[in-house]
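Trainee: show me the folded form of this:
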Amino acid sequence: MRTAFVTEVFSDLLGKGRLNLTDELLVVAGGRAERDLFESLGFEQATITNVDSVEASEQLAPYRWAHEDAQSLSYSDRSFPWVVVVDGLHHCRSPHRALTEMYRTCSVGVIAIEARDSWLMRVAVRLGFSSSYELEAVRAQGGTSGGLENGPIPNHIYRWTEREFQKTIRSCDPTGDHGFRFFYGLNLPYETADLRGWNKRKMFLKPAETILRLVTRLVPKQRNSMAMIATRPESSHPWIAPKE
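Mentor: Alright, predicted model coming up:
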């Protein structure tokens, strides 16, 4: 989890009144990291779900735990004000299906924090500074989990663009104009450097971060992390007749 960036996103939403500490959150593909995040921010209610039963309920107190597949949630429509995912959609066989399930079960909106597909990110993959498949996560779990649907097969790292997120939300709910917001963060692979065997290359991360922060200050959309927020339409399109 990109802890500093994620905290910054939620702090901004709370500070501007778009999110309240009393709002009940549904977290998909979540675990202890999300528990620690929301507890530190002071959220009162959350249901944290995952396909991995290792995340037992007592480990996620004071929040609830439920075994759920993000791509096929058992909750009814609009069950929770906000539905959240942090670095979880790219573990799904269909990230878009998981996103539409998140939207189906929210009454206010969805918050998805994932990797962004950018020109700079593609260059980083080509030069070997990032990956197309999440080998490191599976390696960190001893080859038994952390990949596709939290299994042993390393998942493809699905990276998003703003337009793709907007088209997905508009396709699953074409009734009105949604509210969209985006935040951008820079995350360098310090945590996975050792797993990648970067004994020599790791020394370049600090100077690279300095340069990247200067560059992405001018072009923030080239940062590799993106928070994507969609809220439900406040009114219907004029061509949709009101229900009697």
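
Trainee: next helix or strand past the helix or strand of the chain with the lowest mean pLDDT?
Mentor: The weakest-scoring helix or strand in the chain, judged by mean pLDDT, DSSP states H and E, is helix 205-218 (a mean of 74). Next along the chain after helix 205-218, taking DSSP states H and E as the criterion, comes strand 225-231.

Trainee: please name every helix or strand in contact with that following strand.
Mentor: Under the contact criterion of 3 or more CB pairs under 8 Å, 6 or more residues apart in numbering; DSSP states H and E, strand 225-231 touches helix 3-15, strand 106-115, helix 162-172, strand 179-185. Where you see a C-beta, it was placed from the backbone N, CA and C, and this is true even at glycine.

Trainee: run the last query once more with 6 Å
Mentor: strand 106-115, strand 179-185 (3 or more CB pairs under 6 Å, 6 or more residues apart in numbering; DSSP states H and E).

Trainee: tilt between it and strand 106-115?
Mentor: Between strand 225-231 and strand 106-115, the angle comes out at 170 degrees (axes from the mean of the first three to the mean of the last three CA atoms, to 10 degrees).

Trainee: wait, doesn't Gln71 sit right on Pro95?
Mentor: No. In this structure, Gln71 is not within contact of Pro95 by CB atoms under 6 Å, at 8.8 Å.

Trainee: which of those two has more residues huddled nearby?
Mentor: Counting neighbours by other CB atoms under 10 Å for Gln71 and for Pro95 shows that Pro95 has the greater number, 24 against 21.

Trainee: next one: phi and psi at the nearest residue to the more buried one once chain neighbours are set aside?
Mentor: Excluding its sequence neighbours, the residue lying closest to Pro95 (CB to CB, 6 or more residues apart in numbering) is Leu89, at 4.1 Å. Torsion angles at Leu89 (phi, psi; degrees, to the nearest 10) stand at phi -60, psi -30.

Trainee: what's the local residue count around the residue nearest to His237 when sequence neighbours are not counted?
Mentor: Nearest residue to His237, sequence neighbours excluded (CB to CB, 6+ apart): Gly176, at 5.5 Å. Using other CB under 10 Å, the number of residues around Gly176 comes to 14.

Trainee: just name the most buried of the helices and strands packed on strand 225-231.
Mentor: Highest mean neighbour count of those: strand 106-115, a mean of 22 (counted as mean count of other CB atoms under 10 Å).

Trainee: pLDDT score for the spatially closest residue to Arg181 that is not a sequence neighbour?
Mentor: Closest residue to Arg181 apart from its sequence neighbours, by CB to CB, 6+ apart: Ile229 at 4.3 Å. Listed pLDDT for Ile229 reads 98.

Trainee: how much space between Ile229 and Leu218?
Mentor: Relative to Leu218, Ile229 is positioned 24 Å away (CB to CB, to the nearest Å).
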